[in-house]
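A.B. asks: Any chance you can model this:
(2 chains)
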Amino acid sequence: MSFVNYFENNFSEILDQTIEHFQLTIVALFIATLVGSLIGIFIARHQKLANPILSVVNIIQTIPSLALLGFFIPILGIGAVPAIVALFLYALLPIVRNTYTGILQVDPAIKEAAIGLGMTKSQQLIQVELPLSGPVILAGIRTASVINVGIATICALIAAGGLGESIFGGISLNNVNMILSGAIPASLMALAFDGLLGIVQKVSQKKPAVPLIAVVSIFVLSIISVWPDTKTDKLVAGFNSEFIQREDGFVGLDKLYGLPLEIREMEIGLMYEALRIGEVDVIDGFSTDGRIKAFDLKLLKDDKGYFPPYFAAPLFRQETLDKYPQLENALTKLESIISNQKMAELNSEIDQSHKDPQLVAQEFLNSIGVKANFIEDDDNPDIIIGSKAFTENYLLAYIIGQLIEAETSLKVSLKLGFGGTKLLFDALNTGEIDCYPEYTGTGLLVILQPENEGIKEILHNRNEVYKYVKSEFQSRYGIKWLPEFGFNNTFALMMRREHAEKLEIESISQLSQTLNK
Amino acid sequence: MIRFEGVKKAFDNHIVVNDLNFEIKKGESFCLLGKSGSGKTTTLKMINKLVEKDSGSILINDQSIDAIEENSLRRRIGYMIQDVGLFPHLTVEKNIGLPLKLGKKEKEEINSRVQELIDQIGLDQSYLSRFPSQLSGGQQQRVGIARAIANKPELLLMDEPFSALDPILRDQMQSDFLHIEELKGITKVIVTHDINEALRLADRICILHDGEILFIGTKEELLNSTNSIVNDFLGTDRLFMRFKNLTIEAITKNLYSETEAISDILELEATSSAITLLNTDIPFVRIKGNKEVFKKDDIILNALKDQI
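C.D. replies: Purely as a prediction, here's the structure:
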């Protein structure tokens, strides 16, 4: 399907996302302009405070956006509010800094003339300093707007909507058209903001920006007033974009069970916290996640056997295995060694006890009689191991790496935290990395995406799936599935235990009954 | 009009102005002359409270400025600085009208006053809609003057008003300044480091040095002062200063009747070492007011020099 077709078919959704994106950006930008310019004026008047305040604003800018959003969940929950707060904070720096420098760069002779004419402080500010620093302040707002349009994409990961839904959905589904349908409107919006504010900036050099600011304020206030109310009586689900979009994710699940949930799109690592604090009621977690126990979550039984098996195993380039024949032998030590419960424990040690994943990996290997050590960075590694961006996959990568170094003389280097199956698999396929831990179900449904009907027959059979992906990967890509670790980290719907018990929900069928009452 | 009584000012323990006592008369043009660091600008700025004095009192029309709120004080006093400080985002009309607007004057009143002022400073009506960046340096200066006197202040403070201009333009501006009708009634306090400017613009001159008054008096008194510190201050320019203020008459002498007549006023060019008379072939000259007539040649002029 061409991009144009995709765009036409999904136009109303893209339009909705664009509007959401614009709302997030403009509201945050407006508040940041108000607050930022006030802070800028304040520190221009109290210069002793300028450096400390600018440093704080600067530091905010260096916090990774996803980390900041995650930090907000316990305080502000999910959705538009924390997204706007985060965007506001990112927009502050350029506005504060430019207001400050803008006011300071006003010619001292002009300031002296203003004072000499008997202008009060506020008259000086409104009639002289602000109009003269207007273009510089506007340049700051312009920078902030472009930053905001960019960061607003990430807000899709905390259910704030926007064009990030298409972008992240597209990345997880490897759907280029979908990525473009988010990325192109986002770029155009950034350009439009930049261009529009550029014009305002030019005009304001001749005329004071006050009337324009007034117009913008009215505009923004009207937008805030039509801001959708997101309160709902329904049960709210927090799903990641991959799960929402995929045929074998929620789409199929809904067909099978019938689940009229109110869905919020969220980043996978942030869902558990959102569930714990009650921002959402159901999430699509992983059955071995360490937080299930720690947060006292209830796994809903997949009583109709919908979710395919996701048994983890190391995935290697055949080329690498041929080059270092000792590898395969060494890795047999990991065959069927980790149970579901063990994996959940190991994950919990990292997520809840905050132990170093390297240490957890080392202790685990020691417990099975391997004298493992921490992996040091090496400039000329023999093997490069990759991982996805969640705890279990990090840990598995460390375990594989430490085992290789303990059992062979090969040097290992790690490239951890790839943001999506497709990116990671492409890295493996092109030889950028030699190995990463993958799950059989993902290999089948995300990478191979077989379209023949026969696949449904084997979809719920653990051994058949393993056999199928092993032979297909070997023949198609020259990539080998080594023996499985032993645990099945499948998707699972989960709820807060007390909530599930109160509603008397044990299984997905019961959830469906509750929802359809 | 203005009286300084024991005024002192120090910045970080460094005394800038020490115990100033003097009076500026109503309507006069009063120059504060001094080198940089002499305290002349500080003295000026204490009058409109741009600089807060440490002790002593400054009285305007016998009222202490301490009793007047600073912004209302400043609105009563015209103020002009070296860089003019026109507001670049406002038109000439808005710039000139601003003090009136701050004084909450009616729109019509502001308009007619602005018209009046633009005429006085010799600019065309079409300049009203221009921005300062579209004016020449001299035009900006004139607009600056118009703005400073828009409120019809009794007092105008000028801090190195023409120092940033090139010599030819400065000369022109000084001349224009002397001819603006409205300025004639206003008491003017002018800060300058340029003795020529002081001699040209001032009725009385006050020389400041290290925060103290070296001399205070009219320009004639200054040029004739025998005070050694003043001499030092004037330095080698003194001869030039004094000649410049003399009028040399060319004399036609009738040798038979011993009568004489003034035939011309001569231009005189003097440096610190030599004096030359220009534009004449008449052989006799005389300093105006003197009896003695000299033959015009360098020797005689040297004698002239001794005379003064």
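
A.B. asks: in the helix or strand hosting A:Thr33, what counts as buried?
C.D. replies: Under the criterion DSSP states H and E, the helix or strand holding A:Thr33 is helix A:11-45. Residues of helix A:11-45 classed as buried by neighbour count (16 or more other C-beta atoms under 10 Å in any protein chain shown): A:14, A:17-18, A:20-33, A:35-37, A:39-41, A:43-44. All C-beta spots, glycine's among them, are computed from the backbone N, C-alpha and C.

A.B. asks: That one packs against which elements?
C.D. replies: For helix A:11-45, the packing partners by 3 or more C-beta pairs under 8 Å, 6 or more residues apart in numbering or on different chains; DSSP states H and E come out as helix A:50-62, helix A:80-104, helix A:130-152, helix A:164-173, helix A:176-206, helix A:210-225.

A.B. asks: In three-state terms, label the residue in the stretch 151-300 of chain B that chain A sits nearest to for me.
C.D. replies: In the stretch 151-300 of chain B, the residue found nearest to chain A is B:Leu157; the distance is 8.1 Å by C-beta to the nearest C-beta. Secondary structure, DSSP: H, G, I helix; E, B strand; the rest coil: B:Leu157 is strand.

A.B. asks: Now do the same contact list for it.
C.D. replies: Contact analysis of B:Leu157 by C-beta atoms under 8 Å, 6 or more residues apart in numbering or on different chains lists B:Leu44, B:Lys45, B:Ile47, B:Asn48, B:Ile77, B:Gly78, B:Tyr79, B:Met80, B:Val189.

A.B. asks: of those residues, buried ones?
C.D. replies: Among the contacts of B:Leu157, those classed as buried by 16+ other C-beta under 10 Å are B:Leu44, B:Lys45, B:Ile47, B:Asn48, B:Ile77, B:Gly78, B:Tyr79, B:Met80, B:Val189.

A.B. asks: sorry, back to before: could the helices and strands packed on helix A:11-45 be laid out in a markdown table, adding mean neighbour count, mean pLDDT and distance to chain B?
C.D. replies: Listed next are the helices and strands packed on helix A:11-45 as a markdown table, based on neighbours: other C-beta atoms under 10 Å in any protein chain shown; pLDDT from 0 to 100; distance: least, C-beta to the nearest C-beta, whole Å:
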| stretch | mean neighbour count | mean pLDDT | distance to chain B |
| --- | --- | --- | --- |
| helix A:50-62 | 14 | 92 | 22 |
| helix A:80-104 | 24 | 93 | 13 |
| helix A:130-152 | 23 | 91 | 5 |
| helix A:164-173 | 24 | 83 | 40 |
| helix A:176-206 | 17 | 86 | 8 |
| helix A:210-225 | 13 | 63 | 12 |
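
A.B. asks: Count the neighbours of A:Ile335 for me.
C.D. replies: For residue A:335 the amino acid is Glu, not Ile. 13 (other C-beta atoms under 10 Å in any protein chain shown).

A.B. asks: Name the nearest residue to it, ignoring sequence neighbours.
C.D. replies: Closest residue in space to A:Glu335, ignoring its immediate chain neighbours: A:Pro483 at 3.9 Å, by C-beta to C-beta, 6 or more residues apart in numbering or on different chains.

A.B. asks: need the residues of the stretch 51-200 of chain B near chain A, please.
C.D. replies: When proximity is defined as C-beta under 8 Å from any C-beta of the partner chain, the stretch 51-200 of chain B approaches chain A at B:70-75, B:79, B:81-89, B:98-99, B:102, B:147.

A.B. asks: Of all residues in chain B, which one is closest to chain A?
C.D. replies: B:Gly85 (2.8 Å).

A.B. asks: Distance check, A:Lys301 against A:Ser339.
C.D. replies: A:Lys301 sits 19 Å away from A:Ser339, going by C-beta to C-beta, to the nearest Å.

A.B. asks: re earlier: and the buried ones among the contacts of B:Leu157, which is closest to A:Val57?
C.D. replies: B:Lys45 (36.1 Å; C-beta to C-beta).

A.B. asks: Correct me if wrong, but the closest one is in a helix.
C.D. replies: Yes. The assignment for B:Lys45 (three-state DSSP) places it in a helix.

A.B. asks: Let me see the contact set for it.
C.D. replies: If you count contacts by C-beta under 8 Å, 6+ apart, B:Lys45 has them with B:Val51, B:Leu157, B:Asp159.

A.B. asks: can you check A:Val106 too?
C.D. replies: Applying C-beta under 8 Å, 6+ apart to A:Val106 gives the contacts A:Val128, A:Glu129, A:Leu132, A:Ser133.

A.B. asks: From chain B, how far out is A:Gln358?
C.D. replies: Distance check for A:Gln358 against chain B: by C-beta to the nearest C-beta, to the nearest Å, it reads 59 Å.

A.B. asks: same deal with A:Thr421?
C.D. replies: For A:Thr421, the distance to chain B - C-beta to the nearest C-beta - is 57 Å.

A.B. asks: Mean confidence (pLDDT) on stretch B:125-145, please.
C.D. replies: Averaged over stretch B:125-145, pLDDT sits at 91.

A.B. asks: now B:Glu154: how far from A:Ala113?
C.D. replies: Taken as C-beta to C-beta, the span from B:Glu154 to A:Ala113 is 20 Å.

A.B. asks: Look at these two and report which has more neighbours.
C.D. replies: A:Ala113 (25 against 17).

A.B. asks: Which strand or helix spans the residue in chain A that chain B sits nearest to?
C.D. replies: Chain A approaches chain B most closely through A:Ala113 (2.8 Å), counting by C-beta to the nearest C-beta. Per DSSP H and E, A:Ala113 falls inside helix A:108-116.

A.B. asks: So what touches that helix?
C.D. replies: By C-beta under 8 Å, 6+ apart, the residues outside helix A:108-116 that reach it are A:123-124, A:127-129, A:132, B:48, B:50, B:74, B:79, B:81-88.

A.B. asks: So for that helix, what gets flagged as buried?
C.D. replies: Neighbour-count burial for helix A:108-116 flags A:Ile110, A:Lys111, A:Glu112, A:Ala113, A:Ala114, A:Ile115, A:Gly116 (criterion: 16+ other C-beta under 10 Å).

A.B. asks: and that helix, what's its mean pLDDT?
C.D. replies: Averaged over helix A:108-116, pLDDT sits at 92.

A.B. asks: what about that helix, distance to the chain center?
C.D. replies: Its chain's C-alpha centre and that of helix A:108-116 lie 51 Å apart, by C-alpha atoms, centre = their mean, to the nearest Å.

A.B. asks: so that helix versus helix A:130-152, what angle?
C.D. replies: With axes from the mean of the first three to the mean of the last three C-alpha atoms, to 10 degrees defining the directions, helix A:108-116 sits at 120 degrees from helix A:130-152.

A.B. asks: Keeping just the C-alphas, turn helix A:108-116 into CSV.
C.D. replies: Taking C-alpha atoms only, helix A:108-116 is exported to CSV below (Å, rounded to 0.1, in the frame of the first residue of the first chain):
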residue,chain,number,x,y,z
PRO,A,108,22.1,51.3,28.6
ALA,A,109,21.6,54.7,27.0
ILE,A,110,18.0,53.9,26.2
LYS,A,111,17.4,52.6,29.7
GLU,A,112,19.0,55.7,31.2
ALA,A,113,16.8,57.9,29.0
ALA,A,114,13.7,56.0,30.2
ILE,A,115,14.7,56.4,33.8
GLY,A,116,15.6,60.1,33.2
